[in-house]
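[1] need coordinates for the below:
(one chain, ligands or ions: 1)
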Amino acid sequence: MSELAEGQTVEVRGSAARPYQLKHLNGVYSCSCPAWRDQSRPIDVRTCKHLRQYRGEAAEAARIGGLLPATTVAPAKSTSPQIASSFAGRSNWASPTLTSRRARV
Ligand SMILES: [Zn+2]
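    Down below sits the predicted model:
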């Protein structure tokens, strides 16, 4: 965790493809993520997981008066896993030469 200086902008990687921008401007810490934007709170007491991650949970709690909103994390868009099914059933056919040789021993 680190401090975000006044006027500073940093990029943090979130679950989205594009990084989110954390800003500290005019005493307001903001983030470009939807979770921050959609909060129905004054902008100077908004926070999000990126801000908490960057500045630290305690620092964020202190900044907004210990009123951390309930974590509403949007379900992370999972990239569809590539299931390698090509190997299924392959172990069923054994080489006849190997089998007969093994049987003789
Ligand atoms: Zn955020």
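[2] what's the distance between residue 34 and residue 46?
    Using C-beta to C-beta, to the nearest Å, one obtains 12 Å as the distance from residue 34 to residue 46. The way it works is simple: take the backbone N, C-alpha and C, and place the C-beta from them, glycine included.
[3] same check on residue 61?
    13 Å.
[4] between these two, who's got more neighbours?
    It is residue 46, of residue 61 and residue 46, that has more neighbours when counted by other C-beta atoms under 10 Å, with 20 against 15.
[5] so what's the more buried one up against?
    Listed by C-beta atoms under 8 Å, 6 or more residues apart in numbering, the contact set of residue 46 reads 29-30, 36, 39, 64.
[6] so which of these are in strands?
    The strands in this structure, assigned by DSSP state E, contain 29-30 from the contacts of residue 46.
[7] highest neighbour count among the contacts of residue 46?
    Scoring those on neighbours with other C-beta under 10 Å, the highest-scoring entry is residue 29 at 23 neighbours.
[8] ok, that one - contacts?
    Listed by C-beta under 8 Å, 6+ apart, the contact set of residue 29 reads 4, 22-23, 44, 46-47, 51, 55, 63.
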